[in-house]
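Asker: Pasting the sequence and the predicted coordinates here, then a few questions.
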Amino acid sequence: MKKFEYSTVPLLVHATKEILDSWGQDGWELVQVVPGLNPENLVAYLKREITQS
């Protein structure tokens, strides 16, 4: 059975692509983006598979 770890990441509207690209390079997959506390911020929910060694 696959196992995953999850993370929430604050996103700035003017740097969304750069932030998501950086996390993607570390193996994180975007699950969802939701509005933050103010209109200039978003929150990304990310997941990545836990590899068993």
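Answerer: Okay, I see it.
Asker: how long is stretch 30-39 end to end?
Answerer: 20 Å (CA to CA, to the nearest Å).
Asker: should've said stretch 9-23
Answerer: Taking CA to CA, stretch 9-23 runs 9 Å from one end to the other.
Asker: and it, which residues are buried?
Answerer: Going by neighbour count (16 or more other CB atoms under 10 Å), the buried part of stretch 9-23 is Val9, Leu11, Leu20, Trp23. Backbone N, C-alpha and C define where each C-beta goes, glycine included.
Asker: How many neighbouring residues does Gly36 have?
Answerer: As a burial measure, Gly36 scores 15 neighbours (other CB atoms under 10 Å).
Asker: What of Met1?
Answerer: Other residues lying near Met1 total 2 when counted by other CB under 10 Å.
Asker: Please enumerate the strands of this protein.
Answerer: Along the chain, the segments classed as strands by DSSP state E run 4-12, 29-35, 41-49.
Asker: so what's the spatially most central residue of the chain bridging to?
Answerer: Geometric centre of the chain, nearest residue: Leu46, 3.5 Å, by CA atoms, centre = their mean. Bridge pairing for Leu46 (DSSP bridges) gives the partners Ser7, Leu30.
Asker: List the residues that contact it.
Answerer: Tyr6, Ser7, Thr8, Val9, Trp23, Trp28, Glu29, Leu30, Val31 (CB atoms under 8 Å, 6 or more residues apart in numbering).
Asker: got any ranges where the chain has weak pLDDT?
Answerer: Applying pLDDT under 70 to the chain flags residues 53.
Asker: Which two of the contacts of Leu46 have the greatest separation?
Answerer: Using CB to CB, the contacts of Leu46 reach their maximum pairwise distance at Thr8 and Glu29, which is 13.7 Å.
Asker: Let me have the buried residues of stretch 9-23 in a markdown table, adding distance to Thr51 as columns.
Answerer: Output for the buried residues of stretch 9-23, formatted as a markdown table (distance: CB to CB, whole Å):
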| residue | distance to Thr51 |
| --- | --- |
| Val9 | 21 |
| Leu11 | 26 |
| Leu20 | 22 |
| Trp23 | 17 |
